[in-house]
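okay, sequence plus prediction incoming.
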Amino acid sequence: MTYLKLENIWAKYGKHEPFVLKGIDLEVKKGEILALLGPSGCGKSTTLKVIAGFVTPVKGRVLIDGKDVTPIPPNKRNIGIVFQSYALFPHMTVFQNIAYGLVLRRLPSAQIKKKVREVIELVGLTGLENKYPRELSGGQQQRVALARALAIEPKIMLLDEPMSNIDPILRSRLRSDLKSILKRLNITAVYVTHDRDDAFEIADRIAIMNDGVIEQVDIPEELFNKPKTKFVAEFVGVENTFKIDYAQVEELEKYLSLVINDEVYIVLPKYLPKSKIAYFGIRPEKLIIVKEKPSKPPYIKGKILVKAFKGVLSRYVIETPLGSIVVHSPSRIRNINIGDTVYLTYNIEDILLFSK
Ligand code: ADP
Ligand code: MG
């Protein structure tokens, strides 16, 4: 059931400024973790500010549990917020930081103590109650920020790049702790990040945002396997995308062909969108490097420019008539070296097609 809903939100920062959000529609279910993933500047934080009530949209509505909260001020929305910068009070202890929202609400002190102890245990900070933020590691400070947001028992939690100041090795651990806490408390969460791994690990669903619009919302598996636009594809790791002019394509019985010269013979599935310009893409791990020209298409001739060992896979950059192409190939194949002439081939079912 939808708990948080954004309806056609248009927002900007000044009367004469351009729109930053251009018709955002988004639905988050009760207890769901939705990641808002997109490049810096695309409007992710602004979307959170609209949900929290710090930015009033020019047009559109925010609904929480079916109720229009657009005119309601931030402090009446019962939303917990965690920022990248933690925003802890340096002169207050861990206990005081976490208690802050409850003190503002004038709860009796016995009740505050009980609640603070409860969330301190939940986020794994027991024993650190009397420390000051400067005495804590980045990960511990982020846990304090999380505990402070949880203390007010929010129905909705907004997290804005909460992992970006955390050591990469600790990130995974903190992420799974965060996920299990949100799930245990059945909190509806919007988690903003520009990091694909971050989004894929924590989210039930991911919304991909580009320049003030949402391009696709899906579960991680669907986004990975069926990106709908070139932008989404590139964001989920389809490193090779190509533009095609439909006029160049020839329709054969089983597939479409695109022959550029005797070095490049591409085959594409028949359901290519029949727009004048279309795009196709292929993941680096779906391309196969061979040393001899294959006896039948598809093939793309190229020269190895870069080779980098990355563990199980090695990463190759190959110069081809279509531009440079990235291939991830099992590292145990050892006889491919910089400067070698090679051919790339693939299975037609690994081709992804996009109309924009
Ligand atoms: P993201 O969080 O995805 O990096 P933001 O929502 O912070 O993006 O910003 C989107 C756009 O709005 C950017 O072009 C940014 O410069 C502009 N912007 C953000 N905050 C303000 C502000 N307080 N005043 C004016 N412009 C802003
Ligand atoms: Mg931001």
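It's in. Just so it is clear, the structure is predicted and the values come from calculations on it, not from any experiment. Ligands and ions are numbered 1, 2, ... in the order given.

residues of this structure that sit close to ligand 1?
For the chain, the residues in contact with ligand 1 (CB under 6 Å from any ligand atom) are Tyr13, Val20, Gly38, Ser40, Gly41, Cys42, Gly43, Lys44, Ser45, Thr46. C-beta: built from backbone N, CA, C; applies to glycine.

now, the most widely separated pair of these?
Maximum pairwise distance among the residues of the chain next to ligand 1 (CB to CB): 17.9 Å, between Tyr13 and Gly38.

more neighbours: the two, which one.
Gly38 (26 against 11; other CB atoms under 10 Å).

for Met163, give me its contacts.
Gln142, Arg171, Leu174, Arg175, Thr193, Asp195, Asp198 (CB atoms under 8 Å, 6 or more residues apart in numbering).

hang on, isn't the fifth one packed against Glu161?
It stands for Thr193. Yes: using CB atoms under 8 Å, Thr193 makes contact with Glu161 at a distance of 5.7 Å.

in terms of neighbours, single out the busier of those two.
The neighbour count for Thr193 versus Glu161, taken as other CB under 10 Å, is higher for Thr193 (25 against 19).

which one of the residues in the stretch 251-356 of the chain is closest to ligand 1?
Nearest residue of the stretch 251-356 of the chain to ligand 1: Lys356, at 20.8 Å (CB to the nearest ligand atom).

apart from its chain neighbours, what residue comes closest to that residue?
Spatial nearest neighbour of Lys356, excluding adjacent residues (CB to CB, 6 or more residues apart in numbering): Thr229 at 5.5 Å.

any idea how far Leu37 is from that neighbour?
Distance of Thr229 to Leu37, given as CB to CB, to the nearest Å: 14 Å.

any weak-confidence spans in the stretch 251-356 of the chain?
By pLDDT under 70, the low-scoring segments of the stretch 251-356 of the chain are 272-275.

in it, which spans are strands?
For the stretch 251-356 of the chain, the strands defined by DSSP state E, counting those that start in this stretch occupy 256-261, 264-268, 277-282, 288-290, 299-309, 313-320, 323-330, 341-345, 352-354.

what's the local residue count around Ile318?
When neighbours are counted by other CB under 10 Å, Ile318 registers 27.

same list (the residues of the chain next to ligand 1) but as CSV, adding pLDDT and secondary structure.
Shown next, in CSV, are those (pLDDT from 0 to 100; DSSP: H, G, I helix; E, B strand; the rest coil):
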residue, pLDDT, secondary structure
Tyr13, 97, coil
Val20, 98, coil
Gly38, 97, coil
Ser40, 95, coil
Gly41, 97, coil
Cys42, 98, coil
Gly43, 98, coil
Lys44, 98, helix
Ser45, 97, helix
Thr46, 98, helix
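
are any of the residues you listed buried, and which?
Neighbour counting by 16 or more other CB atoms under 10 Å classes Val20, Gly38, Cys42, Gly43, Lys44, Ser45, Thr46 among the residues of the chain next to ligand 1 as buried.

tell me the one of those residues nearest Lys29?
Nearest member of these to Lys29, counting by CB to CB, is Lys44, at 19.7 Å.

that closest one reaches Asn210, doesn't it?
No: using CB under 8 Å, Lys44 is not in contact with Asn210; the gap is 10.6 Å.

mutual contacts of those two, please.
Gly38.

for the helix or strand containing Leu150, buried residues please.
Element membership of Leu150, judged by DSSP states H and E, is helix 138-151. Using 16+ other CB under 10 Å as the test for burial, helix 138-151 gives 139-151.

same check, this time on stretch 227-234
For stretch 227-234, a neighbour-count test (16+ other CB under 10 Å) marks Pro227, Lys228, Thr229, Lys230, Phe231, Val232, Ala233 as buried.

residues in contact with the residue nearest to Lys356?
Glu215, Gln216, Phe354, Ser355, Lys356.

between these, which sits nearest Lys113?
Checking these against Lys113 by CB to CB gives Gln216 as the nearest, at 46.0 Å.
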